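> got a structure for you, letters missing:
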C-alpha cells in the first residue's frame, strides 16, 4: 500500500469541518467502500489510512452501529477488490498471451518476496493470506503465489475473507486509538494517519536494517 503525498494534511483539513452525522453516513460509507475497492485493485490509495480515519469519525459519532458499519464496509470492499484482482490474474494465467492485470501483479511481486511467499504458502496454506494482508506490500506476492500454485478463486476467497476482516479490524483499532487520544475528530484523524504510516514503515525499515547487517 503506497502513501499519497499530502494525504495527512488533506485528511486533517477535511475533518476540521465535520458535517452532520446523517450527511457523513450518506456520503462516507459509499466513499469508503469505493476507495477501498479501488485501492485493492490499484495500490495507490492509502486504504489503511482511510479505514483508520473513518474509524475516528465513527468513534466520535452518536449514531448506533457506526463502528460496525465501518468494519463491514471496509472488509467487504477489500474482499471484493481482492477477489476481482485475483480473478483477473487467474484469467491471465490461463490465457496464452497473459494479460495486463497479470503483468501488473507480477511487477508488484519482486522475485525474492515471491519466493518467500511460495515457501510460506506451501508450509502454512491459508494462514499466510491473513498475514499477507497485515504486512505492507505482502498481499500481492502471496496472491501471485496462490495463482502460480493453481488455487481456484473459491479457495482463495475462503482464505481471503478472514484476512480482510483481520485487516479491517487492525486499522479500525488504530483509528479508535487515535480518536480516543483527542477531543476533536480532525486531531484524531491526523493521529490515526500518522500511526498508520508508522506501522507501514516499520517492516521496510526492519528489512533494510537486516540487509545492512548482512
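It's in. These numbers were taken from a predicted model, which means no experiment stands behind them.

> next helix or strand past the strand or helix carrying residue 32?
Using DSSP states H and E, residue 32 sits within helix 21-41. Next helix or strand after helix 21-41 toward the C-terminus (DSSP H and E): helix 47-59.

> tell me the mean pLDDT over that following helix?
Helix 47-59 shows a mean pLDDT of 87.

> can you give me the helices in the chain?
Per DSSP state H, the chain carries helices over the ranges 7-16, 21-41, 47-59, 66-94, 100-107, 111-124, 127-134, 139-148, 153-181, 185-213.

> just to revisit the earlier point, mean confidence (pLDDT) on the helix holding residue 32, please.
For helix 21-41, the per-residue pLDDT averages 80.

> Equivalent analysis for stretch 131-146, please.
Rounded mean pLDDT across stretch 131-146 is 89.

> Low-confidence regions, this protein specifically.
1-27, 62-64, 96-98, 182-188, 191-192, 195-214 (pLDDT under 70).

> ok, residue 105 touching residue 89?
Yes: the pair residue 105 / residue 89 is scored as a contact, 5.0 Å apart, by Cβ atoms under 8 Å. Just so you know, the C-beta spots here come from the backbone N, C-alpha and C atoms, and that holds for glycine as well.

> coming back round to it: single out the most deeply packed of the helices of the chain.
Neighbour counts (mean count of other Cβ atoms under 10 Å) averaged over each of the helices of the chain peak at helix 47-59, with a mean of 28.

> For that one, which helices and strands make contact with it?
Where contact means 3 or more Cβ pairs under 8 Å, 6 or more residues apart in numbering; DSSP states H and E, helix 47-59 is packed against helix 7-16, helix 21-41, helix 66-94, helix 153-181, helix 185-213.

> and if we set it to 6 Å?
Applying 3 or more Cβ pairs under 6 Å, 6 or more residues apart in numbering; DSSP states H and E, one finds that helix 47-59 contacts helix 21-41, helix 66-94, helix 153-181, helix 185-213.

> Dump those helices to JSON lines, plus distance to residue 120.
Output for these, formatted as JSON lines (distance: least, Cβ to Cβ, whole Å):
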{"stretch": "helix 21-41", "distance to residue 120": "21"}
{"stretch": "helix 66-94", "distance to residue 120": "18"}
{"stretch": "helix 153-181", "distance to residue 120": "13"}
{"stretch": "helix 185-213", "distance to residue 120": "15"}
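
> check contacts around the closest residue to residue 114 other than its chain neighbours.
Spatial nearest neighbour of residue 114, excluding adjacent residues (Cβ to Cβ, 6 or more residues apart in numbering): residue 141 at 5.0 Å. Going by Cβ atoms under 6 Å, 6 or more residues apart in numbering, residue 141 touches 109, 113-114, 117.
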